[in-house]
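# this one's structure only:
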């Protein structure tokens, strides 16, 4: 029997706590693969202390100093302790290959910079939230990113990024959408979810259903 995995995430005062897109990615994967897990919620100001305490690996800032991010995943079945959402995704795929999230060797397409064209529809969505003095410009940039993503989705015959095959790319898009839905004002989320005939609200709902999180 598989022992319960532990996912470390950032605490919030939102209903259900979760809000950050990166910790949401392993949550979606764990649920999709049907793996038992619990979430340990960590105050943002306590992340460094808490992650050092469990022996998590830090990332490096541009100045060379350590920074301790979440998500972090602890797997008592193997003793593994993994930092970074993509590294966690790779680990879960290799350790628990049932219900693949990187079908047809698509992980290499995400990791290889020379194959970035495959993933640009997802990556281009990663733009600033429209909150500051450049509000209008940020909205234009955000919509441009989703226009690109929509074009990539239109190249397939199915509802997923890879056609009829569900993959990690769809999880990434959904987690970004979930973030917007959780942190933006209601009218701002309605604005995003209405683009392309309601494509993005429907995609989020489809991914949540596929991952049994609906």
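Everything's here; your move. Everything numeric in this text was worked out from a predicted model, so none of it was measured.

# What residues does the residue positioned nearest the centre of the chain make contact with?
Residue closest to the mean C-alpha point of the chain, counted by Cα atoms, centre = their mean, is residue 25 at 3.4 Å. Listed by Cβ atoms under 8 Å, 6 or more residues apart in numbering, the contact partners of residue 25 are 71, 85, 88-89, 168, 171-172, 175. Backbone N, C-alpha and C define where each C-beta goes, glycine included.

# Run through the strands of the chain in chain order.
5-10, 37-42, 59-60, 66-67, 72-75, 80-83 (DSSP state E).

# and of these, who's closest to residue 187?
strand 5-10 (25.5 Å; Cβ to Cβ).

# For the closest one, give the mean pLDDT please.
Strand 5-10 shows a mean pLDDT of 97.

# How far does that strand sit from its chain's centre?
14 Å (Cα atoms, centre = their mean, to the nearest Å).

# in it, what's buried?
Within strand 5-10, the residues scored as buried using 16 or more other Cβ atoms under 10 Å are 5-10.

# remind me, longest helix of the chain?
helix 186-210 (DSSP state H).

# about what we covered before: and the residue nearest to the centre of the chain, how close does it get to residue 187?
27 Å (Cβ to Cβ, to the nearest Å).

# Next: residue 35.
Residue 35 is 37 Å from residue 187, where distance means Cβ to Cβ.

# More neighbours: which of those two?
For residue 35 versus residue 187, neighbours defined as other Cβ atoms under 10 Å are more numerous around residue 35 (20 against 7).

# Just to check, the more buried one is in contact with residue 97?
No: with contact taken as Cβ atoms under 8 Å, residue 35 and residue 97 are classed as non-touching, separated by 11.8 Å.

# which residues does residue 84 contact?
Contacts of residue 84 by Cβ under 8 Å, 6+ apart are 59, 69, 71.

# most neighbours, which of those residues?
residue 71 (23 neighbours).

# May I ask you to confirm that that one is in contact with residue 7?
Yes: look at residue 71 against residue 7 with Cβ under 8 Å: they come within range, at 6.1 Å.

# JSON lines for the contacts of residue 25, including pLDDT and distance to residue 63?
Output for the contacts of residue 25, formatted as JSON lines (pLDDT from 0 to 100; distance: Cβ to Cβ, whole Å):
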{"residue": "71", "pLDDT": "97", "distance to residue 63": "23"}
{"residue": "85", "pLDDT": "94", "distance to residue 63": "23"}
{"residue": "88", "pLDDT": "97", "distance to residue 63": "26"}
{"residue": "89", "pLDDT": "96", "distance to residue 63": "28"}
{"residue": "168", "pLDDT": "94", "distance to residue 63": "31"}
{"residue": "171", "pLDDT": "96", "distance to residue 63": "32"}
{"residue": "172", "pLDDT": "93", "distance to residue 63": "28"}
{"residue": "175", "pLDDT": "94", "distance to residue 63": "28"}
